[in-house]
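Undergrad: Output the structure for:
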Amino acid sequence: MTSQQKTQLYSRSKENHRLTVGYTYFEEPDRLKQQIDIWQRWPANVDIFLVDDGSEIFPAKDIIDSHLMLHDWQPTFQLWKCTRNLGFNSHGCRNLIAKYAQTDIIQFLDIDMFMYEGDIAKLKKIKWESDYIAHHKSYKTFDQSVSEHPGHLNAFAIHKDLYWKAGGYDESFTGHHWGDREFIDRIYELKPKRIKTDLILTLDRKGKHGSVDSKVDKTIYDIGDELYFKAPMDIPEVKKLRGKVKQRINFPFIRIKEL
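TA: Below is the predicted model of the structure:
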C-alpha cells in the first residue's frame, strides 16, 4: 500500500461522528501508550482529539507515529500541539479542543483517565440538548473504590454551546492549577441539566499535589514523579489571577496529524 493510499484510507469524513473525546498530554509516554491500547477497541463515529501541551522530551507525535494505527471501523484521531512549554496549560488546551472539535458533544478526560469501549458506545448514543453536562461514576484503581456520580469533576461530557456560554476556561491560570474548579463553578452557575450516567471512568492514580517553590515562575513537572509538582504560588494567590487574560487560546499552536 502506498503512502497516498494510506492517507486516503485513514482520512475519513467526520460528518457522522457523534462524539469527540478530548485529552491533553505532557511528557507521559507510558500513559499515552495505555490510552492507545484502549482507543483501538473503541467504536467508530468517535473522534479522539489530543493536544500536546508543549512536550519537549517525549512529544506525543513520536508515540503516535510508532504505536497508533486506526481502521475504518475504529475512531478517528487528530493531534495538535502547543508550540511553547508554558507550564501547566491544560485549560488553554481544552479551549483549543472545544473550538476545533467537529462535534457538538465533547467528553473531556485527563491522560490518566480511561473509558472503555462499552461505555464509549453508550455515551455516543445519548441524545443531547445544548444545556447538557454529564459526569460519571469513577473507579479508582489505587484504592479499589468506586465514587458515585458525579465522580471526578474534571472529567465531563458537555455540549459546545454550554461550554462557550460559560466562557471557556480562564487562561489567566496558565502556568497554575485551580482553573478547572473555577470553570466548573461558572458552568453550574448557568443551571445546566445534569445527565446522570451509569458509565464508569477508571482513574489510574491519585491527583498530584503542588509544592510551592519560590524558585519557579510556572508549574514544573519532574518526569516520573507521580505525586508532586512544583508550583509558583499557593491557591489563594492563584485565585487572584482570575480574569486578567481575556483572550481564549492565548498561545501558539499547530495541527500535527490526523488519522
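
Undergrad: Tell me where the protein has strands.
TA: For the chain, strands defined by DSSP state E occupy the ranges 19-25, 46-52, 76-82, 105-109, 113-114, 132-140, 145-147, 156-159, 193-203, 209-212, 228-231, 253-258.

Undergrad: Between these, which one is closest to residue 181.
TA: Taking Cβ to Cβ, strand 156-159 is the member of the strands of the chain nearest to residue 181, at 12.5 Å. All C-beta atoms are positioned from the backbone trio N, CA, C, and that covers glycine.

Undergrad: by contact count, what packs against the closest one?
TA: Under the contact criterion of 3 or more Cβ pairs under 8 Å, 6 or more residues apart in numbering; DSSP states H and E, strand 156-159 touches strand 105-109, strand 132-140.

Undergrad: among those, which gets the worst mean confidence?
TA: Confidence, taken as mean pLDDT, is least for strand 132-140 of the helices and strands packed on strand 156-159 (a mean of 93).

Undergrad: quick check: angle from it to strand 193-203?
TA: 30 degrees (axes from the mean of the first three to the mean of the last three Cα atoms, to 10 degrees).

Undergrad: coming back round to it: out of the strands of the chain, which is closest to residue 174?
TA: strand 76-82 (9.9 Å).

Undergrad: Sort out which residues of the closest one are buried, please.
TA: Neighbour-count burial for strand 76-82 flags 76-82 (criterion: 16 or more other Cβ atoms under 10 Å).

Undergrad: Note down every partner strand of that strand and its orientation.
TA: Strand pairing for strand 76-82, using DSSP bridges, gives strand 46-52 (parallel), strand 253-258 (antiparallel).

Undergrad: Buried deepest among those strands, which one?
TA: Stretch with highest mean neighbour count among the strands paired with strand 76-82: strand 46-52 (a mean of 25; mean count of other Cβ atoms under 10 Å).

Undergrad: between that one and strand 19-25, how many degrees?
TA: Using the same axes, to 10 degrees: strand 46-52 against strand 19-25 is 20 degrees.

Undergrad: mind checking how far strand 46-52 is from the chain centre?
TA: From the chain centre to the centre of strand 46-52 is a distance of 8 Å (Cα atoms, centre = their mean, to the nearest Å).

Undergrad: cool, and stretch 128-142?
TA: Taking the mean of its C-alpha atoms, stretch 128-142 sits 13 Å from the chain's own mean (Cα atoms, centre = their mean).

Undergrad: between the strands of the chain, which gets nearest to residue 63?
TA: Residue 63 lies closest to strand 19-25 among these, at 8.8 Å (Cβ to Cβ).

Undergrad: picking up where we left off before, can you put the strands of the chain in TSV and add distance to residue 172?
TA: Putting the strands of the chain into TSV (distance: least, Cβ to Cβ, whole Å) gives the following:
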stretch	distance to residue 172
strand 19-25	18
strand 46-52	19
strand 76-82	16
strand 105-109	19
strand 113-114	25
strand 132-140	23
strand 145-147	30
strand 156-159	21
strand 193-203	27
strand 209-212	17
strand 228-231	15
strand 253-258	18
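
Undergrad: Ok, which of the ones you listed comes nearest residue 62?
TA: Nearest to residue 62 among the strands of the chain is strand 46-52 (10.1 Å), distances taken as Cβ to Cβ.

Undergrad: Cool, thanks, talk later.
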